[in-house]
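**Student:** Structure for the following, please:
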Amino acid sequence: MKPCSGQTADSLRIGGLQPMTTLDYPDHLSCVLFCQGCAWQCRYCHNPELIAPRGDAPHSWRSVLDFLQQRQGLLDAVVFSGGEATLQPGLPQAMQAVRALGFKVALHSAGIKPAALARVLPWCDWVGFDVKGLQEQVELITGTPRSGQANWQSLQLLHASGVDYECRTTVHWQLFDCDALLRLAHRLAGQGVRRFAVQLARPARMLDPSLGPSITPPEAASLWPQLHALFERFELRQA
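**Tutor:** Predicted coordinates for the structure are as follows:
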């Protein structure tokens, strides 16, 4: 892989840092960098402060490097999350700098711009990919025209890249029902997805205040075993 040029990691806008997690990159002890800015406004988003291109109290890249240098030998990986990290031009350089320190690189992305995702995949060891729903459902969730096409095109790019990944879908039961979730799971399995996680939307801090509590319907009890049977690895999580 040739290094990317024309941008620097110093331009990376970081709205938050989680110093340690075992959840955001399965089977790895990681930290998470929450990159500022997102082009979609998912109605159940519980990090609305990360949507704007610039936040109130960003972390500098220098301070992040200082933190990572103190964690060498302690952490396995760095997760670039968001917001939508791939929208930042300096992301490839930041990933290269993380690799140079001896960490693995993970990415959380919804593939908002397929070309932007393709640009950073060569530097990723693993991707947690947010499938918003069936392609025809996605605009209802993101509020953005043609977001379904971008979401699914990016998934195809990721699958073809050979980078290890899992798909995850956040479910608010006012935006999903069990039948739609099962149809989504069958489509993912049919496209070769082996690992899938359903993330139940958090009851508070959602971007769209018109969404009420997400109450899991009783019929979901029979849905989870069906999803387990479809995938090599299936998990039910809190978003």
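**Student:** now the strands: where do they sit in this protein?
**Tutor:** In the chain, strands defined by DSSP state E lie at 14-21, 30-35, 77-81, 104-109, 126-130, 164-171, 195-200, 233-238, listed in chain order.
**Student:** Redo these as a markdown table? Include distance to residue 55 and mean neighbour count.
**Tutor:** Glycine gets a C-beta too; all of them are placed from N, C-alpha and C. Putting the strands of the chain into a markdown table (distance: least, Cβ to Cβ, whole Å; neighbours: other Cβ atoms under 10 Å) gives the following:
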| stretch | distance to residue 55 | mean neighbour count |
| --- | --- | --- |
| strand 14-21 | 4 | 16 |
| strand 30-35 | 9 | 24 |
| strand 77-81 | 14 | 24 |
| strand 104-109 | 17 | 24 |
| strand 126-130 | 20 | 22 |
| strand 164-171 | 22 | 21 |
| strand 195-200 | 23 | 19 |
| strand 233-238 | 24 | 14 |
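**Student:** got CSV for those, with distance to residue 141 and mean pLDDT too?
**Tutor:** Rendered in CSV, the data for those read as follows (distance: least, Cβ to Cβ, whole Å; pLDDT from 0 to 100):
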stretch, distance to residue 141, mean pLDDT
strand 14-21, 22, 95
strand 30-35, 20, 97
strand 77-81, 18, 98
strand 104-109, 16, 98
strand 126-130, 10, 98
strand 164-171, 8, 98
strand 195-200, 13, 97
strand 233-238, 18, 93
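**Student:** How about residue 172, nearest residue that isn't a chain neighbour?
**Tutor:** The shortest distance from residue 172 to any residue that is not its chain neighbour, by Cβ to Cβ, 6 or more residues apart in numbering, is 3.9 Å, and that residue is residue 201.
**Student:** Can you check the pLDDT for the one you found?
**Tutor:** At residue 201, the predicted lDDT confidence score is 91.
**Student:** Repeat that for residue 3.
**Tutor:** pLDDT recorded at residue 3 is 47.
**Student:** do the one 5 residues further on as well
**Tutor:** According to the predicted model, the pLDDT of residue 8 comes to 85.
**Student:** Enumerate every residue touching it.
**Tutor:** When contacts are counted by Cβ atoms under 8 Å, 6 or more residues apart in numbering, residue 8 touches 90, 93.
**Student:** Distance of residue 161 relative to residue 127?
**Tutor:** Residue 161 sits 9 Å away from residue 127, going by Cβ to Cβ, to the nearest Å.
**Student:** shared neighbours of these two, anything?
**Tutor:** With contacts taken as Cβ under 8 Å, 6+ apart, residue 161 and residue 127 have residue 121 as neighbours in common.
**Student:** now the strands of the chain as a markdown table including distance to residue 188?
**Tutor:** What follows is the strands of the chain, written out as a markdown table (distance: least, Cβ to Cβ, whole Å):
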| stretch | distance to residue 188 |
| --- | --- |
| strand 14-21 | 25 |
| strand 30-35 | 24 |
| strand 77-81 | 21 |
| strand 104-109 | 16 |
| strand 126-130 | 10 |
| strand 164-171 | 6 |
| strand 195-200 | 6 |
| strand 233-238 | 11 |
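**Student:** So which of the ones you listed is nearest residue 223?
**Tutor:** Checking these against residue 223 by Cβ to Cβ gives strand 195-200 as the closest, at 9.0 Å.
**Student:** so how far is the closest one off the chain centroid?
**Tutor:** For strand 195-200, the separation from the chain centroid amounts to 12 Å (computed by Cα atoms, centre = their mean, to the nearest Å).
**Student:** Just the CA atoms of that strand, as CSV, please.
**Tutor:** What follows is the C-alpha trace of strand 195-200 in CSV, where atoms were taken according to Å, rounded to 0.1, in the frame of the first residue of the first chain:
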residue,chain,number,x,y,z
ARG,A,195,-21.6,-11.6,11.3
PHE,A,196,-24.7,-9.5,12.2
ALA,A,197,-25.6,-7.5,15.2
VAL,A,198,-29.0,-5.9,16.1
GLN,A,199,-28.6,-2.8,18.3
LEU,A,200,-31.7,-1.8,20.1
